[in-house]
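1. Just need the structure, nothing else, for what follows:
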Amino acid sequence: MEILTNILYYVIPFIILLGILVFVHEFGHFIVARLLGVKVVAFSIGFGKELWSHTDKKGTCWKISAVPLGGYCQFLGDADASSTTSKSLSKLSKEEKAMAFPLQKTWKKLLIVVAGPWFNYLLAVLIFIGIFFAYGRMVHPSVVGGVIEGGAAAEAGIIKGDEILSINGKLTPDFQTLSNEVMLSQSDEADVEIKRPIDVTLRAQELEVEQCGDIKNEKIIGVRSIEAQIDQDTGEKERVPAIIDDVMVGSPAESAGIMKGDVLESINGVGINYFDELRQYVDQHNDEDLQIKGHRMLNLRVVLKDTDFEGDVGGKTKRRMLGVQSTPEMAFSEKLSFTKAVVAGFRETYDITAMTLRGVWQMITGQRGGRDVGGIIRIAEMSGDVSKTGGVIGFIYFMALLSVNLGLINLFPIPVLDGGNIVIFLIEMVIGRDLKENIKDYIFKFGLLIILAIMLLATWNDILHLANRLFY
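-> Below is the predicted model of the structure:
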C-alpha cells in the first residue's frame, strides 16, 4: 500500500510536472520554427525507446519516449536530437534547403533557440497571474510564530511575536522573502532588525520628582521623554514623540520592563503619538490600571547554523536556517484586480529569477558551496511533497516556479544549452559568418562536460539529501 501511495504522490506528479514543462519549452522552439518556415522533423517528450508516435501532415513526427527526463525538437538538417548539423545537407533538395535549420539566417536561428526559454517564462507569468487573480496572493507576515529550540534565533534572543524587518539590510516584508534572504546569506553571521511588540499593564505610583530644584511627590509611571527639538521657522519647541529616553529606577515602568528607546503607541486603547498625550492620560487616570502598548527596535547579530526540523510530510530535514516559524493565523489572502494580478505575476517571475541568479553568482564566486544544487531526484521529491500538502493550486504554483528556473537555466551561456547556442549565434552575427564546424564541435564537447559535472554534483547532493531524510 505504501508503494502505491508513493507512486500516486511522487512518481505520477513528477512525470506530469516534467512532461508539461518540457512540452512548453519544446513547443516554443516548434511554433517559432514553423512560423519562420523551418521544418520540424521530430517533436519528442522524453528520450530513448519510442512508446507512441504520430506524423502530422507537415511531416513532423510527434513522439512520447520511455525516459521522461527531457525532450527535444529535431529540425530538418539536424543530424540527431542534440541539433548537431547533418553532414548530408548537400543531398537536400532546393525546397528542403529552404526549410533546413542550419541554412537559415542567423537571426532566425536565434529566435527559434530563444523561444524555448521564453515560453517557460510565459507559462510561469500566466500561472502567477491566474492564481493571483482567481485566488489572491497569500501573504505570511514576517512575524515569528514560534522559535525552534536550539536554533540560531533562540540563541540570539529572538522570541515569539517579534517582527523581522530586515536581514543584512534586505527588507523582509513577508515570510517567503525572509526565508529567501536567510538561504542567500553569504555569511553564517546575519544582522537582523527586529520590531518587538510591547504590551504591559502597570499602575502609577508616588515617586520623588525634581522640578526647578524642588523635590516633590507625584503619582507617575516613571518615564522621561527625549529632548524637544526647536522649530527652525518659529523658534518654538516642537511636540515630543512618545519615545522613552529614560526610565526611573524603582518605577512602575522599570518593573514592567519598559526600556529606553521604546516607542509607545496606545494607553488603555487610546492612541498616543506625543509624550504630552501620555502624561495627560496618566494624570487623569493615575488610580487605574494602565495597559500600555508600543514597540521596541532591536538589532541582533545572529549566527546561522544547520538545524533539524520536521518536514510537512514526515522525516527530518536539515538545512541552514534562522530557526523561526511563521504565524499561520496572521496569514491573509490579498485580493488583486486583474491589472494588479498582471503586475504581481511579472514581479513574482522577476523576484524568482533575481533570487536564483544571486544564488548562482554566490556559487561562482565561492561565497557559498554547491550543496544547494539539486537535480531530478530533488524535483521528484519536492513535487511529491507539494502534491501531498499544497493541493492542486500549490502544485501549479510549484510548476510555475520550476518553469522560471528551467527557462533561466537554459539561458545560461553554457554550450549544449540554449544559452550556449545564443552566444554562438550572436558571435556569428557580429563576425558576419558561421563558425567552423570543428570549433562548434569542440565547444559542444566542452559544454557537455560542464553539464555532466553539474548533473553528477546534483545527483550526489540529491542522494545525500534523500538519505538524510529517510534514515536520519
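2. wait, isn't N180 in contact with T356?
-> No: checked against CB atoms under 8 Å, the pair N180 and T356 is beyond contact range at 10.1 Å. Backbone N, C-alpha and C define where each C-beta goes, glycine included.
3. Between those two, which has more neighbouring residues?
-> Legend: neighbour count by other CB atoms under 10 Å for N180 and T356, higher for N180 (20 against 16).
4. Could you measure from that one over to I352?
-> Distance of N180 to I352, given as CB to CB, to the nearest Å: 9 Å.
5. Likewise for T201?
-> From T201 to I352 the distance is 45 Å (CB to CB).
6. And for I450?
-> Using CB to CB, I450 is found at 23 Å from I352.
7. of these two, who's got more company?
-> For I450 versus I352, the count of surrounding residues by other CB under 10 Å is larger for I352: 20 against 15.
8. Name the residues of the helix or strand that one falls within that are buried.
-> Taking DSSP states H and E as the definition, I352 sits inside helix 338-364. Within helix 338-364, the residues scored as buried using 16 or more other CB atoms under 10 Å are 341-342, 344-345, 348-349, 352-353, 355-356, 358-360, 362.
9. just stretch 40-49 next, same as before
-> In stretch 40-49, counting by 16+ other CB under 10 Å, buried: 40-46.
10. likewise stretch 189-205?
-> Buried residues in stretch 189-205, counting neighbours by 16+ other CB under 10 Å, are found at 190, 192-196, 198, 200, 202, 204-205.
11. where's it relative to the chain centroid, distance-wise?
-> The chain centre lies 30 Å from the centre of stretch 189-205; the measure is CA atoms, centre = their mean, to the nearest Å.
12. that older thread, just name the closest of the buried residues of helix 338-364 to Q291, please.
-> A344 (38.5 Å; CB to CB).
13. Next, the contact list for the closest one, please.
-> Contacts for A344 (CB atoms under 8 Å, 6 or more residues apart in numbering) come out as 128-129, 132, 137, 336.
14. Show me which of those has the smallest pLDDT value.
-> Across these, the smallest pLDDT goes to R137, namely 81.
15. unless I'm mixing things up, D418 is touching V113, no?
-> Yes: at 5.0 Å, D418 counts as touching V113 under the criterion of CB under 8 Å.
16. Outline the domain layout of this structure.
-> Domain segmentation of the chain under automatic domain parsing yields 114-135+335-472, 199-299.
17. To C61, which of these lies closest?
-> Nearest of those (CB to CB): domain 114-135+335-472, 18.9 Å.
18. Next, the angle from the regular element (helix or strand) spanning Y121 to helix 338-364.
-> Assessed by DSSP H and E, Y121 sits inside helix 106-135. Inter-element angle recorded for helix 106-135 and helix 338-364: 120 degrees (by axes from the mean of the first three to the mean of the last three CA atoms, to 10 degrees).
19. can you redo the buried residues of stretch 40-49 as a markdown table with secondary structure and pLDDT?
-> Below are the buried residues of stretch 40-49 laid out as a markdown table (DSSP: H, G, I helix; E, B strand; the rest coil; pLDDT from 0 to 100):
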| residue | secondary structure | pLDDT |
| --- | --- | --- |
| V40 | strand | 93 |
| V41 | strand | 92 |
| A42 | strand | 93 |
| F43 | strand | 94 |
| S44 | strand | 93 |
| I45 | strand | 92 |
| G46 | strand | 88 |
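20. Surely M297 forms part of a helix?
-> No: applying DSSP: H, G, I helix; E, B strand; the rest coil, one finds M297 to be strand, outside a helix.
21. Tell me who's in contact with the residue nearest to it when sequence neighbours are not counted.
-> Spatial nearest neighbour of M297, chain neighbours left out: K195 (6.1 Å); criterion: CB to CB, 6 or more residues apart in numbering. Listed by CB under 8 Å, 6+ apart, the contact partners of K195 are 162-163, 165, 295-298.
22. tell me the two of these that are most distant?
-> Pairwise distances across those (CB to CB) peak at 12.2 Å, for the pair L165 and R296.
23. Next, the buried residues of the helix or strand harbouring F398.
-> Assigned by DSSP H and E, F398 falls within helix 391-410. Across helix 391-410, burial judged by 16+ other CB under 10 Å covers 395-410.
24. Over to stretch 63-72?
-> 63, 65, 68, 70-72.
25. what does stretch 182-191 give?
-> For stretch 182-191, burial by neighbour count (16+ other CB under 10 Å) applies to 182-185, 190.
26. So which of those belong to strands?
-> Among these, the members falling in strands (DSSP state E) are A190.
27. Helices - which of the buried residues of stretch 182-191 land there?
-> 182-183 (DSSP state H).
28. okay if I get the buried residues of stretch 182-191 as CSV plus distance to Q229 and pLDDT?
-> Listed next are the buried residues of stretch 182-191 as CSV, based on distance: CB to CB, whole Å; pLDDT from 0 to 100:
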residue, distance to Q229, pLDDT
V182, 38, 83
M183, 42, 78
L184, 40, 77
S185, 38, 78
A190, 34, 88
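29. Same list, the buried residues of stretch 182-191, but as JSON lines with distance to Q325 please.
-> JSON lines is the format used below for the buried residues of stretch 182-191 (distance: CB to CB, whole Å):
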{"residue": "V182", "distance to Q325": "13"}
{"residue": "M183", "distance to Q325": "16"}
{"residue": "L184", "distance to Q325": "20"}
{"residue": "S185", "distance to Q325": "18"}
{"residue": "A190", "distance to Q325": "17"}
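30. All good on my end, thank you.
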